[in-house]
Each structure stands twice: as structure tokens, then as C-alpha cells.
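In: show me how the following folds:
(one chain, ligands or ions: 1)
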Amino acid sequence: MKPVVGVLALQGGFEAHERMLQGLDACTRQVRVPADLDGLDGLVVPGGESTTMTLGIAREGLAEPLRELAAGGGAGGIPVLGSCAGLIMLDRDHLGVMDMRAERNAFGRQIRSFEADVDVEGVPGPPIRGILIRAPWIAEHGPDVAILAQVDGCSVAARQGKVLAVSFHAELSGDDRLHRLFLGLVGEARADGRLSAA
Ligand code: GLN
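Out: Okay, the predicted model is just below:
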């Protein structure tokens with residue numbers, strides 16, 4: 001059976017993530033209320049605007065269910081991919097899923113949006129062309145967080161257990177290797193689940 005990946009769809013660029021995941025043979029489900037989280041194998045928190053997303057999450061009562069589902073990347077949690085505002089949502093000051101602090105709009109205002117070659121640890125082949133739109137960087141992190149990539153010495157990709165976060169929009173570049181890495185974690189988590197259920 002195909003994995004079912006939820007894409008938080010309160011606001012922001014969720015459709016491009018869905019297209020990319022569907023292209024990699026995953027089923028997707030738009031997540032707007034807690035019941036949409038039932039039975040998911042993975043979750044994507046897209047880019048957008050983190051203040052609006054925070055308000056939407058609070059309005060729908062999604063904060064606690066999302067936190068529980070991700071479980072800080074621990075053994076019980078499902079794999080999560082956060083991109084741009086999604087990275088911000090996963091940090092200590094928001095959902096607290098990753099032990100890190102994101103700095104919003106760290107690379108400057110919209111006019112300073114740019115593209116960069118990002119060499120992400122765990123992604124084979126040449127660097128990914130990262131699109132950074134008023135992007136955050138990871139300003140601080142604890143020992144359980146591994147930094148996977150830097151741009152100009154600034155941390156733009158990280159992993160904590162089964163949780164991946166990137167500052168850039170991997171869903172817009174037409175390069176699906178980051179989503180493949182994420183779906184690899186989803187596949188591993190499903191296989192582990194099957195083993196422990198057996
Ligand atoms: N600047 C946005 C924020 O702070 C994030 C931008 C993005 O997701 N492209 O929420």
C-alpha cells in the first residue's frame with residue numbers, strides 16, 4: 001500500500017508539495033483539522049507565513065495533536081518534513097518538535113530572496129537548487145539536531161530523528177531528491193511499525 005502523507009493545508013504552498021509527493025507514488029491528504037491526522041504515515045509542514053500558520057493551528061486546535069504525532073522526532077513519532085515557514089513551525093518557539101531556534105526572514109526581506117546550490121547531507125548527487133524566499137536559518141540547536149546543509153555558513157537544513165527541516169522551497173525546484181529522502185524515512189518508519197506489530 002502507498003504511504004499516506006498529510007500536508008498541512010491551512011495556508012501557504014501546500015499544493016506543490018502534494019504534486020511532488022504524488023509524483024513519487026505517495027498518497028497525500030490535506031490536513032486542516034485534527035481528524036485529518038488519523039493514520040498518517042508522514043507529515044509535511046509547507047512554507048507560507050508562520051504567524052498566519054500559528055494562528056490557524058491555534059484556531060483549529062492542531063498544536064497538541066501535531067506535537068504528539070511528531071513526538072520530537074522520537075521513536076514513536078511519524079516522519080515530518082518542514083520547509084521554510086514549516087521549519088519555523090517546528091522550532092522551540094512554535095510547535096517545539098525540534099530542539100532548535102529558527103531566525104525568521106534571516107536572509108533579508110522579499111527583495112533579497114535568492115537561489116543557491118545546497119549540498120544536503122544524505123541527498124546523493126549534485127547540490128539541490130534551493131529557492132529561498134524570505135527564508136529562515138537555524139540560529140541555535142541542541143545536541144540531538146544534526147545540521148545537514150549550510151549556505152554562506154548559515155544552517156539551512158537539519159534533522160532530528162525522523163524530522164527534517166529545510167529553509168528553502170524544495171518543492172518548487174522540480175528536483176524531488178529531498179522528498180525522496182523524506183519518503184525513505186516514511187518507508188523505514190512503516191517497516192519498523194510493521195515489525196513491532198508482528
Ligand atoms: N518569512 C516567512 C515567515 O516568517 C517564511 C517564508 C516562506 O515560507 N517562504 O513565516
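In: residue ranges with poor pLDDT in this structure?
Out: Flagging of the chain using pLDDT under 70 yields the residue ranges 72-76, 109-111, 198.
In: tell me the residues on it that lie near the ligand, please.
Out: Counting by CB under 6 Å from any ligand atom, the positions of the chain adjacent to the ligand are 47, 48, 49, 50, 84, 85, 88, 104, 105, 133, 134. Heads up, the C-betas are built off the backbone N, CA and C, glycines and all.
In: and for the fifth one, the neighbour number?
Out: Counted with other CB atoms under 10 Å, the neighbours of residue 84 add up to 31.
In: now tabulate the residues of the chain next to the ligand in JSON lines and tack on distance to residue 117 and secondary structure.
Out: Formatted as JSON lines, the residues of the chain next to the ligand follow (distance: CB to CB, whole Å; DSSP: H, G, I helix; E, B strand; the rest coil):
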{"residue": "47", "distance to residue 117": "19", "secondary structure": "coil"}
{"residue": "48", "distance to residue 117": "24", "secondary structure": "coil"}
{"residue": "49", "distance to residue 117": "26", "secondary structure": "coil"}
{"residue": "50", "distance to residue 117": "25", "secondary structure": "helix"}
{"residue": "84", "distance to residue 117": "17", "secondary structure": "coil"}
{"residue": "85", "distance to residue 117": "22", "secondary structure": "helix"}
{"residue": "88", "distance to residue 117": "23", "secondary structure": "helix"}
{"residue": "104", "distance to residue 117": "23", "secondary structure": "coil"}
{"residue": "105", "distance to residue 117": "22", "secondary structure": "coil"}
{"residue": "133", "distance to residue 117": "16", "secondary structure": "coil"}
{"residue": "134", "distance to residue 117": "19", "secondary structure": "coil"}
